[in-house]
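> For reference, the sequence and a predicted model appear below.
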Amino acid sequence: MDFITYFFACFTPLKIALMIGGAVGGILLGAAPGLSPTMAVALLVPFTFHMDPAEGLILLGAVYTAAVAGGSITAILINIPGAPANIATMFDGHPMARKGKAEKALYLSFLSSGVGGLFGVAVLILFTPPIARMAMEFGPAELFWLAIFGVTVIAGLSSGTVVKGLYAGSFGLLLSCIGENPVYGVERFVFSDMLTGGISIIPALIGLFAIPQIFTLVETIGQALEKQSFKAQKGVLREALGEIIRHPRQWIMGSVVGSFIGAIPGAGGQVAGLIAYDQSKKMSRTPELYGTGTPEGVISVESSNNATVGPALIPLLTMGIPGSPTAAVLLGGLLIHGLFPGPELFTKHADVAYTFIASMVVAQFAMAIFGIMISRYSHIVMNIPNIFMVAAVTILCVYGSYSVQNSMDDVIIMFCLGLCMYLSSRNSFSPAPVVLGLILGPLAEDNFSRGKIIAQTGDGLASYFLTGGVNMVVIALCAISIGWSIYSEWKMSRNNEARRAQATAATAASLSEA
Amino acid sequence: MINARKRLLETTVMFAIPVVALWMLDDISVDDAKFFPKYICYGMLILASINALQLWLYLNRIRPISWPTFLRWSLPFKGGPVPFPVRRVGMALGLMTVYVFAMETVGFYLSGFLFFLLSLLVLDPAKPTPAGAGRKAVNALIFMAVVYVLFSVMLGVVIPSGIAL
């Protein structure tokens, strides 16, 4: 009832202008390689200090929502995720663009984002108390297994190379151990002073994804390879809407997965996108089309990553626990206005809290509408020659890495990781598992350490980590995920061998005829 | 063609990373702090072993084992049928390295402008002309001006100023 009371409070000219400005700005910031939603929101937090709390939060919320969706533009057009949440968008979005369906992929992305975002905000509004309770009931053991499940998913995503995918994920987990251990205060793998604070996610993400892409662009200067261009055509929007209507399973599953993952503190849009993609592939009638540019892949990922936005705010607003890195920055936006998250936020500052939540509904529409309008002209950006992209993206990468903590060390770490990834990518290693390991590493280790302490006072390690309904379900999901990936790899290799044999036979036949 | 040396190098690196990490963990006195990374390293060693086994099976299936043949660099490592642009990638790497390490001293905007301009001049395969160089300088200036207005003026982000802007 409070929500309805305050819903109309966000329809003042200034607030509407802030929502539109935030949506457009967020899309552009999300689309810029290396500028993540976290950074976009972080950059804006100091500016909201001079605004009314509700107006400041409306701007931050609109930028947050739109930046997650805007990241899909670069993911689709130049194969660089604009935001961590768009990692899985590349898997089918970019192949679609390569097939000449860039416009359709972009429309699908914004429409799915709008649908998923609305679903997520509905969850935030309607199910705040039960979802927050459920997520908060997850103990260290459940959260540990959930993080491990996230890592096993990568095996399925690194199509054809399960071992390398798992190895890269483990390497990411190992990278997350660099620096001081928060529980025991001991430094690990610190062979240089710049590693004392560990590896920050944003510079690592920029380095792992953008630097190899920059070198690939350098390799292909003079050749039109990665840059995808298109001209807006009539009827594509209708076609995209048709795809959304034809694939309800994908966006329903994506929205549900996104909402569930988003409500769990620590997990975010990137994990939701990857899990939604994996599950969508497994439940599809045509899994072999995944990775080749199927609309189903884009719909499931984009609906899931935007569905995390609303639920990620549930633990933040109700208990002060941010559900994602961007939600953590939003927490700063609340605190600079003297607003402390918790039940009091909904009683003492109900006007701010509910106006902010209501504005998130309107922001989804603004994001979808302006996203579609902006994406029509994204081909202008894509007509820039590779050589310009190399220089501009490098400068943005350096700038993005530096501005997170105003640290040159981050720039050097970004550059070194990127160089290593470039060399590894030439040996079929993918950056996505490394990033996932790096993101989930602290979550896994922290909960493992806490679980270990609890287990030592109880029935022991095995009993604590290997029993309990949720634990067993997540462990089973881990096993199924790995087993399915191995089976898929075996099946793919068998199909490839059959195809190779057919091709050899056909060549031999044509040679004998000649 | 089997890219044996490339695969052997890859397998060696896959073993080397966890071995070095385990060696570095030896210095840590608190056992609990090395518990998690230690088990990750064990997992990586198992995966490296599986990869080595896959490599052995793969090589064995394609042709009989003949070690001297395996230790030959093969074409795919150099980028397949299209020659790998060693010079261009090397120049880009050099420019980036100088840019990253000079940024703090020179300043973000000046170093960024110089990096942008030099990248366009050095990496462009087209024959350089004075008019073309002028256009590139204008492009670099416009890009850095946009970055300056957007981030420094509008958003007030702190960047390394160095000896210049």
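Arrived safely. Numbering: from 1, shown residues only, chains lettered A, B, ... in the order given.
> Tell me which residue is most central in chain B.
Centroid-nearest residue in chain B, with Cα atoms, centre = their mean: residue B:93, separated by 8.4 Å.
> could you say which helix or strand contains that one?
According to DSSP states H and E, residue B:93 maps onto helix B:86-106.
> circling back: can you give me the pLDDT of the residue nearest to the centre of chain B?
Note for residue B:93: predicted pLDDT of 92.
> Please tell me how far it sits from chain A.
Distance of residue B:93 to chain A, computed by Cβ to the nearest Cβ, to the nearest Å: 8 Å. The C-beta positions use only the backbone N, C-alpha and C, and glycine is treated the same way.
> Residue of the stretch 251-400 of chain A closest to chain B, please.
residue A:391 (4.1 Å; Cβ to the nearest Cβ).
> coming back round to it: could you check the angle helix B:86-106 makes with the helix or strand just after the helix holding residue B:93?
Once the chain leaves helix B:86-106, the next helix or strand it forms, by DSSP H and E, is helix B:108-123. Orientation check (axes from the mean of the first three to the mean of the last three Cα atoms, to 10 degrees): helix B:108-123 against helix B:86-106 gives 160 degrees.
> Would you indicate which residues of the helix holding residue B:93 are buried?
Buried residues in helix B:86-106, counting neighbours by 16 or more other Cβ atoms under 10 Å in any protein chain shown, are found at B:88, B:89, B:91, B:92, B:95, B:96, B:99, B:100, B:103, B:106.
> Give me the contact list for it.
Helix B:86-106 has contacts (Cβ atoms under 8 Å, 6 or more residues apart in numbering or on different chains) with A:214-215, A:218-219, A:221, A:390, A:394, A:398, A:402, A:408, A:411-412, A:415, A:419, B:111-112, B:114-115, B:118-119, B:122-123, B:125, B:160, B:162-164.
> quick one: it to chain centroid distance?
On the basis of Cα atoms, centre = their mean, to the nearest Å, helix B:86-106 sits 12 Å off its chain's mean C-alpha point.
> go on, stretch B:23-35?
Computed by Cα atoms, centre = their mean, the chain-centroid distance of stretch B:23-35 equals 29 Å.
> Name the SS class of residue A:168, please.
For residue A:168, the secondary structure call by DSSP: H, G, I helix; E, B strand; the rest coil comes out as helix.
> do residue A:497 as well
When classified by three-state DSSP, residue A:497 comes out as helix.
> Next one: it from chain B, what distance?
Taking Cβ to the nearest Cβ, one finds residue A:497 at 10 Å from chain B.
> cool, and residue A:109?
For residue A:109, the distance to chain B - Cβ to the nearest Cβ - is 24 Å.
> by contact count, what packs against the helix or strand encompassing that residue?
For residue A:109, the host element (DSSP H and E) is helix A:102-126. Helix A:102-126 sits against helix A:53-77, helix A:89-98, helix A:236-246, helix A:248-263, helix A:295-307, helix A:309-319, helix A:350-375, with contacts defined as 3 or more Cβ pairs under 8 Å, 6 or more residues apart in numbering or on different chains; DSSP states H and E.
> any idea which of those helices is most buried?
Stretch with highest mean neighbour count among these: helix A:295-307 (a mean of 34; mean count of other Cβ atoms under 10 Å in any protein chain shown).
> CA atoms only for the helix or strand hosting the residue of the stretch 251-400 of chain A closest to chain B - export them in CSV, please.
Element membership for residue A:391 (DSSP H and E) is helix A:386-405. The C-alpha trace of helix A:386-405 is given here as CSV (Å, rounded to 0.1, in the frame of the first residue of the first chain):
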residue,chain,number,x,y,z
ASN,A,386,39.7,-0.6,-35.8
ILE,A,387,42.8,1.6,-35.3
PHE,A,388,40.7,4.3,-33.5
MET,A,389,39.0,1.6,-31.4
VAL,A,390,42.4,0.3,-30.3
ALA,A,391,43.6,3.7,-29.2
ALA,A,392,40.3,4.8,-27.6
VAL,A,393,39.6,1.5,-25.8
THR,A,394,43.1,1.4,-24.4
ILE,A,395,42.7,4.9,-23.0
LEU,A,396,39.3,4.0,-21.5
CYS,A,397,40.7,0.8,-20.0
VAL,A,398,43.6,2.7,-18.4
TYR,A,399,41.2,5.4,-17.2
GLY,A,400,38.6,2.8,-15.9
SER,A,401,41.2,0.8,-14.0
TYR,A,402,42.8,3.9,-12.5
SER,A,403,39.6,5.6,-11.4
VAL,A,404,38.3,2.7,-9.3
GLN,A,405,40.8,3.3,-6.5
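> on that earlier part again, can you turn the buried part of the contacts of helix B:86-106 into a ChimeraX selection?
Selection command for ChimeraX covering only the buried members of these, criterion 16+ other Cβ under 10 Å:
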select /A:214,215,218,219,221,390,394,398,402,408,411,412,415,419 /B:111,112,114,115,118,119,123,160,162
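> pLDDT weak spots in the stretch 351-500 of chain A?
Applying pLDDT under 70 to the stretch 351-500 of chain A picks out residues A:378-384, A:404.
> What residues does it have near chain B?
Contact residues, the stretch 351-500 of chain A versus chain B (Cβ under 8 Å from any Cβ of the partner chain): A:387-388, A:390-392, A:394-396, A:398-399, A:402-403, A:406, A:408, A:411-412, A:415, A:419, A:426-427, A:444-445, A:448-449, A:452.
> if we can go back for a sec, chain center to the helix holding residue A:391: distance?
With Cα atoms, centre = their mean, you get 20 Å for helix A:386-405.
> now the helices and strands packed on helix A:102-126 in TSV, with distance to residue A:287?
As requested, the helices and strands packed on helix A:102-126 are exported to TSV (distance: least, Cβ to Cβ, whole Å):
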stretch	distance to residue A:287
helix A:53-77	21
helix A:89-98	12
helix A:236-246	17
helix A:248-263	13
helix A:295-307	10
helix A:309-319	28
helix A:350-375	28
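> ranking those by mean pLDDT, which is last?
Mean pLDDT values for these show the minimum at helix A:309-319, a mean of 77.
> same for it, what does it pack against?
helix A:53-77, helix A:102-126, helix A:128-136, helix A:248-263, helix A:325-335, helix A:350-375.
> Those: which one's closest to residue B:5?
When the helices and strands packed on helix A:309-319 are compared by Cβ to Cβ, helix A:53-77 sits nearest residue B:5, at 34.5 Å.
> okay, which residue is most central for chain A?
In chain A, the centroid-proximal residue (Cα atoms, centre = their mean) is residue A:85; its distance is 1.3 Å.
> what about the residue lying closest to that one once chain neighbours are set aside, how many neighbours?
Excluding the flanking residues, the one nearest residue A:85 by Cβ to Cβ, 6 or more residues apart in numbering or on different chains is residue A:269, at 2.9 Å. If you count neighbours by other Cβ atoms under 10 Å in any protein chain shown, residue A:269 ends up with 33.
> hey, which helix or strand in chain B has the poorest pLDDT?
Every helix and strand of chain B was ranked by mean pLDDT, DSSP states H and E. The lowest is helix B:67-70, at a mean of 42.
> The helix or strand hosting residue B:39 and chain A, any residue contact?
For residue B:39, the element it lies in under DSSP H and E is helix B:31-62. Yes - Helix B:31-62 is in contact with chain A by Cβ under 8 Å from any Cβ, via B:32-37, B:40-41, B:43-44, B:47-48, B:50-51, B:54.
> Which members of these are classed as buried?
Buried members of those, counted by 16+ other Cβ under 10 Å: B:33, B:34, B:36, B:37, B:40, B:41, B:43, B:44, B:47, B:48, B:51.
> Touching, the second one and residue B:25? I think so.
Yes - between residue B:34 and residue B:25 there is a contact under Cβ atoms under 8 Å: 4.4 Å.
> any residues in contact with both of these two?
Counting by Cβ under 8 Å, 6+ apart, the common neighbours of residue B:34 and residue B:25 are residue A:188.
> which intervals of chain B have sub-threshold pLDDT?
B:1-4, B:59-83, B:155-157, B:161-165.
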